[in-house]
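Chemist: Need coordinates for the below:
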Amino acid sequence: MEERGVLMNWGYMAYLEGGEGHPLVFVHGAGNNAWVWGRVLEDLEVDHRVIALDLPGHGRSSCKLEETVEGYAFRVEEFLEALNLEDVLLVGHSMGGAIVIKTVPRCARVTGVVLVGTGAVLEVNPKLLEGLRENFEGSVATMARWCFSKGVASELLGDARGMMLQAGREVLYRDMYACSIYSGGEELRDLSLPTLVVCGEKDVMTPPPLSQDLVERIKGARLVLIPNSGHMVHLERPVELAEAIRCFLS
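Modeler: Numbers count the residues shown, from 1 in each chain. Sure thing, here's the model as predicted:
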């Protein structure tokens, strides 16, 4: 994968890119960055052009941090325009999935959607928000445990925890607050693009019923449950996620 960037009117947007062909654009979740998709991108770049962006204020993007899911959706739309991408499959995880839901109605460049571990709403425990302010490192450690199935490799837990710590208190708090006030019900009523919904069977952050609800709201949507996986499907079961996306495309 190559690290790239594009200068926008409002700052610098960093992204990873590899492969050629039909563009697949990946949007990460709260307190994450583009590298979280790395193993999935490596699998899919054999057949497709894959692009994973750093949302404003995350990773290497120097852009101003947004405060709402709608704000991030505006930036994703501008990013697709800046790269002049057409016929895009837009893939989002958790908060990134919410961003995708908000982006689709306003962006004709998107012709297919993959929603991973997300929902029409993303409730956040108020105690977690309070903890991110008062005991940041402890709250991040708790979130990291919640993101995976029991018995997951300690290396993956460490990677997730380190990524969120690197994002910092303000970024992670704002992202989680943005999730807490998000609602995608209005956009989902009109979503008619081909849609794949993916969820880890053991996801406790955005449990499978949220994904089932999405399938019931989106005409023709298909649901894939990934066995033995928690919320971070793209880290815990990257091969299975890549295969689900590949089958959806074919």
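
Chemist: what's the neighbour count on V224?
Modeler: A count of neighbours around V224, defined by other Cβ atoms under 10 Å, yields 19. Just so you know, the C-beta spots here come from the backbone N, C-alpha and C atoms, and that holds for glycine as well.

Chemist: For the most centrally placed residue in the chain, give its distance to L235.
Modeler: Centroid-nearest residue in the chain, with Cα atoms, centre = their mean: H93, separated by 2.5 Å. Computed with Cβ to Cβ, to the nearest Å, the distance linking H93 and L235 is 10 Å.

Chemist: contacting residues around the residue lying farthest from the centre of the chain?
Modeler: Going by Cα atoms, centre = their mean, the residue of the chain most distant from its centre is E134, 26.1 Å out. Applying Cβ atoms under 8 Å, 6 or more residues apart in numbering, one finds that E134 lies in contact with no residue.

Chemist: Just the local confidence number for it, please.
Modeler: Reading off the per-residue confidence, E134 sits at a pLDDT of 95.

Chemist: Repeat that for D203.
Modeler: Among the per-residue scores, D203 shows a pLDDT of 97.

Chemist: mind checking the backbone torsions on the closest residue to it other than its chain neighbours?
Modeler: Setting aside the residues directly before and after it, D203 is nearest to H231 in space (Cβ to Cβ, 6 or more residues apart in numbering), at 4.7 Å. Dihedral angles phi and psi of H231 (degrees, to the nearest 10) take the values phi -70, psi -40.

Chemist: Now do H231: how many residues are near it, please.
Modeler: So H231, with other Cβ under 10 Å, has 27 neighbours.

Chemist: residues shared between the contacts of H93 and L235?
Modeler: V36.

Chemist: Show the average pLDDT along stretch 75-82.
Modeler: Looking at stretch 75-82 alone, the average pLDDT works out to 96.

Chemist: now it: how far from the chain's centre is it?
Modeler: Averaging C-alpha positions (Cα atoms, centre = their mean, to the nearest Å) puts stretch 75-82 16 Å from its chain's average.

Chemist: next one: stretch 24-41
Modeler: On the basis of Cα atoms, centre = their mean, stretch 24-41 is displaced by 6 Å from the centre of the chain it belongs to.

Chemist: cool, and stretch 42-54?
Modeler: Its chain's average C-alpha position is 14 Å from that of stretch 42-54, according to Cα atoms, centre = their mean.

Chemist: G112: what secondary structure?
Modeler: In the three-state summary, G112 is assigned as strand, counting by DSSP: H, G, I helix; E, B strand; the rest coil.

Chemist: can you pull out the strands in this protein?
Modeler: Secondary structure of the chain, counting by DSSP state E: strands at 2-8, 11-18, 23-27, 49-53, 88-93, 110-116, 195-200, 222-226.

Chemist: Can you tell me which of the ones you listed is nearest to V152?
Modeler: Each of the strands of the chain was checked against V152 via Cβ to Cβ, and the shortest separation belongs to strand 195-200, namely 10.7 Å.

Chemist: With only the CA atoms kept, save the closest one in PDB.
Modeler: Extracted as PDB, the C-alpha positions of strand 195-200 are listed here (Å, rounded to 0.1, in the frame of the first residue of the first chain):
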ATOM      1  CA  THR A 195     -25.900  -3.000   0.100                       C
ATOM      2  CA  LEU A 196     -23.900  -5.600   2.100                       C
ATOM      3  CA  VAL A 197     -24.300  -5.500   5.900                       C
ATOM      4  CA  VAL A 198     -21.500  -7.300   7.900                       C
ATOM      5  CA  CYS A 199     -21.300  -7.900  11.600                       C
ATOM      6  CA  GLY A 200     -19.300 -10.100  13.900                       C
END
